[in-house]
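Novice: missing the sequence, but the structure's below:
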């Protein structure tokens, strides 16, 4: 099973594990922030030595041009301290990757080797005090000064200050700064510039004001900071020019003529970050589950009267119901995230909409699942779970911000839903609005009824455990919500004359539901495909159980919708719950092996209750 | 509105507020645990000066014999640092209160005045390494030695060590120790003894080994510790003898002959602790909501294109849907907890089953709600919510353990459900099993149908906003789950011959559902009663909206059950959601006033984003 999860990159995973299990990587409890930051910086440099930062880079700077391999390393690094993970993510996945994706060979050769080696520390200065989610309205300006052939970077207001910028607080030297470009009095929207913020001695550069963000809930090994610029000049060549440039003649030029499209292409860099957050979060959830499951397989409490030994926590139905569906989620997300990595590799262009949709939805779904999983695991370990030594404290506090990082989850879910509606619109344009019927609930129900006459009533096990049927139910819901969303949107814009912004705002609750249905369908689809692809029955059987548990838990939780719309009857929906309870028993019997397959080294788990 | 929430004890609430807003009560970020603990100890002594610890004590030791007044103070103290709250809870609510409730006048006069003044620091040594939830199986022994007329307290194994004992780590001098009593070779079960653990210089007493519990997720201002006893002797008079004693002649004697009943009467002391946890948790949730709502009423992000100001977070439907139902919950729980305090006052005996049921269920429901509320509020404040200065970090980490403290929530919910089934059994004994029909779903549905012919279909607003009808739906579900549970239990024990332990274990999922239905019914009942009792329309209208929002959010979340059982139709259930969305808009318009009514001083809120 571990082989299956490790996939083709087991070698680099093992390389990372060798490093993070060495004695000098022993955890620090973080109580002295200065000591912690120095330790994390030191760890980062040692991790850089494994070549992790180079993997995704072009070959002409010594890279392997292999993003999936980098992501496998990142995912494995997430079994260790999360501050290190995030500092590495900032340095390689945001700073270096933004140079790679937004810059051209000139920038690559100039900066990437040092960035990969951890010699040049940098950050990704996008978020501002006044604007986090709404990046298009950033206030920082980059004014092109023809006379000196340079850009003047400026923070016109307090709220234009960059904030929460990783590596800015203490160690960063160079930042990828996002600012509104102005050339010859014309505004061209947000572009990226490389701006030095500290000199070799670590002092702020002239015109740069830096302030630490102060103590955070977690991740205190990362030095986040605020930055303001006052007429800071950088040469014209320091603009990252893959998608747009200011020519030596001082003219603005871009192959992407539509400013909106240009903006979204540029922030396509965020996709890598979103995949990383999903992977990192899921690794943290794996750590939490390994600790909680191992504890539950050893800890006894209560039991039959008179002398018999007390019962293992893992044998209690209530305990199984808490942990086993979460175990299924983590497996499900593992396969879905690998699918996302593949899809991202296959995408022809940057900023491809289907990739953006999937990355946004999966990032949100996975990181919310991380928070919920760690919380439940902590509670399932009682007082022991509250001790810092048992790791939940750090796991929970550190990953909490993953739901905000790289895009607020609620905003991302809305983005995913909007993209789905836009895609539907495109399809309808091609096929005529008669196409809409293909997605309508009535039509889908009719199709189902033809294939399975007793569909709404059938509560037999073979039926409920039929993957195709489970998937049909997921698809049905997604399609219905999609059509419903499109119809409502149409009403609001055409009939009521609302502008798109106001219409989408009013539709937020529906959008969130649609995005959830979509992402759950993708996850189930990938899980089923993975199970089918396995030749080995010894792997297939336990994975099929996890897949069923995922599907039936979602159906049980969402039964309200299915009942409301007449897709299933009450007789059938009560069977969901019975089956979930039974699957939990079955999965609990192999739970220890299933968490061991995550392959988390004991040195990383570290929790005494798990060893 | 604040007057309504403060109730009859506004004076003592203000007294506490005066104290905790003074400059010497300014928060400390907790990074140096030693500094933090000294500060919390100092705060505790200052709080003791307000007389908080005396209020619930008997008049002959200077008390007021007024538990509700003490609880009002405790609830208000919870607006400040949670380590202080928990340290005060340990000192007064657990240590002193256990002497008061389990001891007699001799113990009261000897210890209570010093305990109330904070001169004698103590703790409540129940939990052991091997036994947290299953207190009946504690391993610590108390052997009565006739020769010296003393008890010998002993920890026979490593796992018999007391653990997570507040005040044990550094400051505690005397502990209420729970141990298995043995007299003349006969075992009498768990009893409580007062055992000194430190001398006046703070050194451990002979035979006592103390170890700190180490760094925790939160509450690091509280010195939790482990304690082992090796043949530690205390005079016979140091047994707390309200419910059982060893006579001067060395005979065991108790008015409660049944050992099980005796045990449950003694741990009835836990009810006060459970009420406190519910109150403290709800206060923390109020702080989080105040911060998040005030921020949402000021922070703008995204908006219509072209020049218009961006939109307030509070005006987004998705933001309203996240926060407004939580605001309704906190109000609902406020009234329900006040009801519990009243019921507890009215109870004739210690260990009364209805009080235990209500306290267990409400403690679990309220503290889970606390965790969820703080988490959601943190996310709703984005990156700002992650900064320690904005308070969510401490609120979240500190109150996380409330779901475990004073009884693990899952265990408590099962306890509540078991009690409900036992009560039903008693009722049936009196009325014959024909009584069962009175609770059955079919009968209840028939009754409803008689009163409201179109009940399952009616989706009109007056119908859905009719409090009595809402309550009918809640009751119907509770009754149905109760009957179902009783029937299943009957099957498992009679037909399948399982022992009660095994039968209840198998029924855990059903018990959890029943307990939730029960507690939600109580909460709604109390909320409705509170709204009705108000003469003032200006208070009644906003509270009715919150009450409706609570009821309809629960109905919407639980619609699966109602649809499954044919109580409502799909047409009706879709109306739940529409109404929730609309109520959220309405409540959001007065949200700032509603959080301000919690009356949390700005010095306590402290979060820059809330001021």
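Specialist: The structure has been received and is ready for your questions. What you see is a predicted model, and the numbers here were worked out from it, not measured in a lab.
Novice: contact residues of the stretch 301-450 of chain A facing chain B?
Specialist: A:301-305, A:310-311, A:316-319, A:321-322, A:371, A:375, A:378-379, A:382-383, A:385-389, A:392-393, A:396-397, A:400-401, A:403-404, A:408-410, A:414 (Cβ under 8 Å from any Cβ of the partner chain). No exception for glycine: its C-beta is placed from N, CA and C like everyone else's.
Novice: what's the PyMOL line that selects buried ones from those residues?
Specialist: Restricted to buried positions by 16 or more other Cβ atoms under 10 Å in any protein chain shown, the PyMOL selection for these reads:
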select buried, chain A and resi 301+302+303+311+316+317+318+319+321+322+371+375+378+379+382+383+385+386+387+388+389+392+393+396+397+400+401+403+404+408+409+410+414
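Novice: okay, and which of the residues of the stretch 301-450 of chain A next to chain B map to strands?
Specialist: Assignment to strands by DSSP state E places none of those there.
Novice: helices - which of the residues of the stretch 301-450 of chain A next to chain B land there?
Specialist: Among those, the residues falling in helices (DSSP state H) are A:317-319, A:321-322, A:371, A:375, A:378-379, A:382-383, A:385-386, A:392-393, A:396-397, A:409-410, A:414.
Novice: sketch out the low-pLDDT regions of the stretch 501-611 of chain A for me.
Specialist: Within the stretch 501-611 of chain A, no stretch has pLDDT under 70.
Novice: over to the stretch 201-350 of chain A?
Specialist: If you take pLDDT under 70 as the line, the stretch 201-350 of chain A has these spans: A:348-350.
Novice: tell me which stretches of it form helices.
Specialist: For the stretch 201-350 of chain A, the helices defined by DSSP state H, counting those that start in this stretch cover A:259-266, A:270-296, A:317-346.
Novice: next one: the stretch 451-600 of chain A
Specialist: Going by DSSP H, counting those that start in this stretch, the stretch 451-600 of chain A shows helices at A:461-464, A:467-490, A:500-506, A:508-533, A:537-557, A:559-564, A:570-589, A:591-596.
Novice: what are the buried residues along the fifth one?
Specialist: So that's helix A:537-557. A:539-540, A:542-556.
Novice: try the shortest one
Specialist: By neighbour count with 16+ other Cβ under 10 Å, helix A:461-464 contains the buried residues A:463-464.
Novice: now swap in the last one and tell me
Specialist: With burial defined by 16+ other Cβ under 10 Å, the residues of helix A:591-596 counted as buried are A:591-592, A:594-595.
Novice: of the residues you listed, closest to chain B?
Specialist: Nearest to chain B, judged by Cβ to the nearest Cβ, of the buried residues of helix A:591-596 is residue A:591 at 17.1 Å.
Novice: number of nearby residues for residue A:111?
Specialist: As a burial measure, residue A:111 scores 22 neighbours (other Cβ atoms under 10 Å in any protein chain shown).
Novice: the residue nearest to residue A:329 when sequence neighbours are not counted: helix or strand, and which one exactly?
Specialist: Setting aside the residues directly before and after it, residue A:329 is nearest to residue A:369 in space (Cβ to Cβ, 6 or more residues apart in numbering or on different chains), at 5.3 Å. Using DSSP states H and E, residue A:369 falls within helix A:353-380.
Novice: my guess is residue A:221 meets residue A:39, correct?
Specialist: Yes - counting by Cβ atoms under 8 Å, residue A:221 sits close enough to residue A:39 to count as a contact (6.9 Å).
Novice: now the common contact residues for those two.
Specialist: residue A:28 (Cβ atoms under 8 Å, 6 or more residues apart in numbering or on different chains).
Novice: which of those two has more neighbours?
Specialist: Between residue A:221 and residue A:39, residue A:221 has the larger neighbour count (other Cβ under 10 Å), namely 26 against 21.
Novice: quick one: neighbours of the residue nearest to that one when sequence neighbours are not counted, just the number.
Specialist: The shortest distance from residue A:221 to any non-neighbouring residue, by Cβ to Cβ, 6+ apart, is to residue A:83 (2.8 Å). By other Cβ under 10 Å, 25 other residues sit near residue A:83.
Novice: tell me the secondary structure at residue A:83.
Specialist: helix (DSSP: H, G, I helix; E, B strand; the rest coil).
Novice: check contacts around the nearest residue to residue A:325 once chain neighbours are set aside.
Specialist: In this structure, residue A:325 finds its nearest non-sequential neighbour in residue A:553, 4.4 Å apart by Cβ to Cβ, 6+ apart. Applying Cβ under 8 Å, 6+ apart to residue A:553 gives the contacts A:325, A:328, A:580.
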